[in-house]
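Here is the input, now give the coordinates:
(one chain, ligands or ions: 3)
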Amino acid sequence: EKAKGPDFIRQIINEDLEKGLNEGKVHTRFPPEPNGYLHIGHGKSICLNFGIAQDYNGVCNLRFDDTNPTKEEQEYVDSIIEDVRWLGFNPEIFFASDYFDNFYDWALELIDSGKAYVDSQSAEEMRLNRGTPTKPGTDSPYRNRTVQENRDLFEKMRKGEFEEGACILRAKIDMAHQNMNMRDPAIYRIRKESHHRTGNKWNIYPMYDFAHGFEDALEGITHSICTLEFENHRPLYDWFLDNVSAPCHPKQIEFARLNLSYTVMSKRKLLELVSEKIVSGWDDPRMPTLSGFRRRGYTPASIRRFAREIGVSKVNSLVDINFLQYIIREELNLSADRAMAVLDPLKVTISNYPEGQIEELPGENNPSNPEAGERMLPFGREIYIEHNDFMEDAPKKFFRLSPGREVRLKHAYFITCDEVIKDDDGNVIELICSYDPETKGGDSPDGRKVKGTLHWVSAAKGIRAEVRLYDHLFTLENMDDMEEGKDYKDYLNPESLVTKTECIIEPSLALAEPGKTFQFLRQGYFCADSKDHSADHPVFNRTVALKDSWAK
Ligand code: ATP
Ligand code: MG
Ligand code: MG
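Ligands and ions are numbered 1, 2, ... in the order given. You can find the predicted model right below:
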């Protein structure tokens with residue numbers, strides 16, 4: 001790997017350190033809202049924030065930005081903690097909802113200094129009076145309420161004496177500001193909903209832009225890293241921190257969010273896929289969630305490497321999902337044990353092999369790691385090979401099995417196809433072959449060469465298994481390029497999951513621990529499903545095919 005210089009965020013941090021800011025400390029945070037499971041975009045942000053903390057001997061907090069009671073749930077909190085730990089980080093955990101009293105005090109501070117007011121306009125009036133990017137807004141008729149009036153009304157809001165939508169607390173900044181976010185933004189709104197941690201204590205909840213900077217300041221965050229869409233919220237982030245007695249003033253830095261080809265990443269859409277049962281759950285192996293990637297067989301190291309290599313930038317772009325697949329393939333090539341599984345079985349009877357005899361043949365587990373040792377493969381008179389490894393009228397360049405031709409069975413013998421058996425419809429249902437006992441282990445003493453080597457499984461000892469073949473969930477490379485009037489669900493790939501229930505696997509595979517990954521020879525990498533796999537009912541997920549379509 002080529003050594004790259006520090007990215008633009010680390011450059012900013014380096015400059016701050018050179019200037020002696022923050023007493024030389026670096027403190028970041030990852031602030032998810034617990035309204036869904038984490039996706040790989042969050043993974044990028046996690047690796048960035050925790051990676052920076054590690055690089056600078058600093059600290060990174062995991063903070064739940066749980067200031068909106070409507071969509072937040074404990075299930076999401078639990079899954080987020082699990083995913084962050086899975087990625088290899090073990091942070092101290094904070095909840096923004098623990099700061100509700102602080103937020104309230106700061107709102108009072110703004111009221112007392114004449115920088116906040118209770119606005120009783122309707123939502124529609126507020127929208128109209130906000131103006132447009134080219135037209136200044138209009139001051140609210142309630143903008144000049146006295147401090148005492150504002151205090152009383154805000155107190156009533158807190159106590160639940162108003163209905164939702166009756167009024168809001170707003171910052172008094174500038175209704176003609178060219179940045180729309182600065183036109184007297186909302187600070188608090190009334191929500192008579194139960195919060196997953198504070199119950200019914202509050203009838204008002206703070207807005208993100210108001211709360212977020214204070215959360216950062218309370219935790220002593222030095223660099224508050226967020227995605228580009230918050231760039232024009234930064235003046236507001238700074239305004240709030242400048243206008244109350246905040247303990248410190250963190251620096252907000254924006255970077256481009258991760259977009260992946262053939263993938264949707266917004267939590268709203270992912271939630272929809274789950275609740276409409278288009279996928280089996282948040283951890284469906286086709287989902288771009290961290291739990292989906294985990295179940296698919298991706299490792300934390302592969303996600304971390306991906307995040308490191310795509311880097312951070314100031315410009316939004318689309319990352320090729322093949323790059324992620326290339327990374328996991330490279331890793332598994334080194335680490336995964338080899339095994340044989342036949343996904344589309346065709347029976348082969350070896351006519352000159354003794355009936356009822358089974359012998360055990362050794363097979364290396366991993367050619368790139370001798371320490372992985374070997375396992376014994378039962379071999380007998382009847383085996384299965386892959387259906388498409390046989391062709392009746394084969395062209396010259398077909399190096400697999402066809403009538404009269406000889407191939408090698410991996411770790412076993414050479415066999416020659418003598419006879420083809422078909423059903424009444426003409427489908428090939430069995431091959432009669434003969435083997436050469438002299439070729440045991442896969443070499444011929446007379447130096448005879450065969451071009452093709454096939455995987456196979458003993459019919460007597462092989463075990464029936466379910467294998468799930470996954471492909472992109474969507475058919476469109478850039479999901480931002482949807483045709484007008486179309487919905488992302490119009491682009492669902494009908495073949496994103498192909499379930500094969502008649503597969504035959506070598507016996508050792510049935511005993512695999514759930515979650516363990518193997519290379520199925522000539523097929524790809526497959527992991528035992530963490531939920532559905534058992535020795536009695538083996539289930540494997542294809543992590544990634546062997547073929548590399550990533551062009552470096
Ligand atoms: P979404 O827009 O997908 O619903 P979000 O930004 O609302 O995500 P949060 O829970 O607020 O989700 O995100 C937590 C952190 O993760 C934020 O700092 C956010 O900027 C970052 N993040 C979210 N999506 C991405 C992404 N695609 N790439 C990089 N960082 C992301
Ligand atoms: Mg958010
Ligand atoms: Mg969101």
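
Going by C-alpha atoms from here, please, whenever you check contacts or count neighbours.
OK.

How about stretch 267-280, which residues are buried there?
Within stretch 267-280, the residues scored as buried using 16 or more other CA atoms under 10 Å are Leu270, Leu271, Leu273, Val274, Val279.

just those residues now: which is nearest ligand 1?
Lowest distance from ligand 1 to the buried residues of stretch 267-280 (CA to the nearest ligand atom) belongs to Leu270, with 8.5 Å.

Which elements pack onto the host helix or strand of the closest one?
Using DSSP states H and E, Leu270 sits within helix 267-275. On a contact count with 3 or more CA pairs under 8 Å, 6 or more residues apart in numbering; DSSP states H and E, helix 267-275 meets no helix or strand.

Asp139: neighbour count?
Asp139 has 17 neighbouring residues, counting by other CA atoms under 10 Å.

Actually, Val467.
26.

what about it, which helix or strand?
Per DSSP H and E: strand 463-470 holds Val467.

tell me the secondary structure for Leu324?
helix (DSSP: H, G, I helix; E, B strand; the rest coil).

tally of neighbours for the spatially closest residue to it that is not a sequence neighbour?
The shortest distance from Leu324 to any non-neighbouring residue, by CA to CA, 6 or more residues apart in numbering, is to Phe306 (6.2 Å). Neighbour count of Phe306, defined by other CA under 10 Å: 21.

There's contact between Asp337 and Leu521 in this structure, I believe.
No. Using CA atoms under 8 Å, Asp337 is not in contact with Leu521; the gap is 9.8 Å.

Determine the three-state secondary structure at the residue in the stretch 301-450 of the chain that ligand 1 sits nearest to.
Per CA to the nearest ligand atom, Val312 is where the stretch 301-450 of the chain lies closest to ligand 1, at 9.1 Å. Three-state call for Val312 (three-state DSSP): coil.

What residues does it make contact with?
Asp7, Phe8, Ile9, Phe255, Ala256 (CA atoms under 8 Å, 6 or more residues apart in numbering).

make it 7 Å
Asp7, Phe255, Ala256 (CA atoms under 7 Å, 6 or more residues apart in numbering).

Low-confidence stretches in the chain?
Residue ranges of the chain with pLDDT under 70: 1-3, 548-552.

quick check: domain ranges of it?
Using automatic domain parsing, the domain ranges for the chain come out as 8-255, 340-545.

Including distance to Gln325, could those domains go into CSV?
Converted to CSV, the domains of the chain look like this (distance: least, CA to CA, whole Å):
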stretch, distance to Gln325
domain 8-255, 13
domain 340-545, 7
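
Out of those, flag the one nearest ligand 1.
domain 8-255 (3.3 Å).

How far away from the center of its chain is that closest one?
25 Å (CA atoms, centre = their mean, to the nearest Å).

follow-up on the earlier one: now render the contacts of Val312 as JSON lines, adding distance to Arg234.
Listed next are the contacts of Val312 as JSON lines, based on distance: CA to CA, whole Å:
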{"residue": "Asp7", "distance to Arg234": "21"}
{"residue": "Phe255", "distance to Arg234": "13"}
{"residue": "Ala256", "distance to Arg234": "15"}
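
mind listing which of these are in strands?
Phe255 (DSSP state E).

Of the contacts of Val312, grab the buried ones for ChimeraX.
Entered in ChimeraX, the line below selects the buried ones among the contacts of Val312, by 16+ other CA under 10 Å:
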select :255,256
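
Please tabulate the contacts of Val312 in CSV, including the columns distance to ligand 1.
Putting the contacts of Val312 into CSV (distance: CA to the nearest ligand atom, whole Å) gives the following:
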residue, distance to ligand 1
Asp7, 15
Phe255, 8
Ala256, 7
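
Could you single out the nearest of the contacts of Val312 to Arg400?
Ala256 (48.5 Å; CA to CA).

dump the residue contacts of Pro32.
Per CA under 7 Å, 6+ apart, neighbours of Pro32: Arg63, Phe64, Asp65.

following the helix or strand encompassing the first one, which helix or strand shows up next?
So the one you mean is Arg63. Arg63 belongs to strand 59-64 when assigned by DSSP H and E. Using DSSP H and E, the helix or strand that follows strand 59-64 in sequence is helix 74-86.

Same question for that next one: list its buried residues.
Neighbour count says helix 74-86 has Tyr76, Val77, Ser79, Ile80, Ile81, Asp83, Val84, Trp86 buried, by 16+ other CA under 10 Å.

Ok, stretch 526-536 next?
Phe526, Cys527, Ala528, Asp529, Ser530, His533, Ser534, Ala535.

Nearest residue to the second one in space, please, no chain neighbours.
This means Cys527. The shortest distance from Cys527 to any non-neighbouring residue, by CA to CA, 6+ apart, is to Thr517 (3.9 Å).

what residues does the stretch 401-550 of the chain put near ligand 1?
Contact residues, the stretch 401-550 of the chain versus ligand 1 (CA under 6 Å from any ligand atom): none.

Quote the end-to-end distance of stretch 177-189.
22 Å (CA to CA, to the nearest Å).

Same question for stretch 22-33.
So stretch 22-33: terminal residues 27 Å apart, CA to CA.

That one vs ligand 1: in contact?
Yes. Using CA under 6 Å from any ligand atom, stretch 22-33 reaches ligand 1 at Phe30, Pro31, Pro32, Glu33.

Out of these, list just those in strands.
Among these, DSSP E puts Phe30 in strands.

ok, the residues of stretch 22-33 next to ligand 1 vs Gln54, which is closest?
Of all the residues of stretch 22-33 next to ligand 1, Gln54 sits closest to Phe30, with 13.7 Å by CA to CA.

ok, for that closest one, nearest residue in space, not its chain neighbours?
Here the residue nearest Phe30, using CA to CA, 6+ apart, is Leu62, at 5.1 Å.
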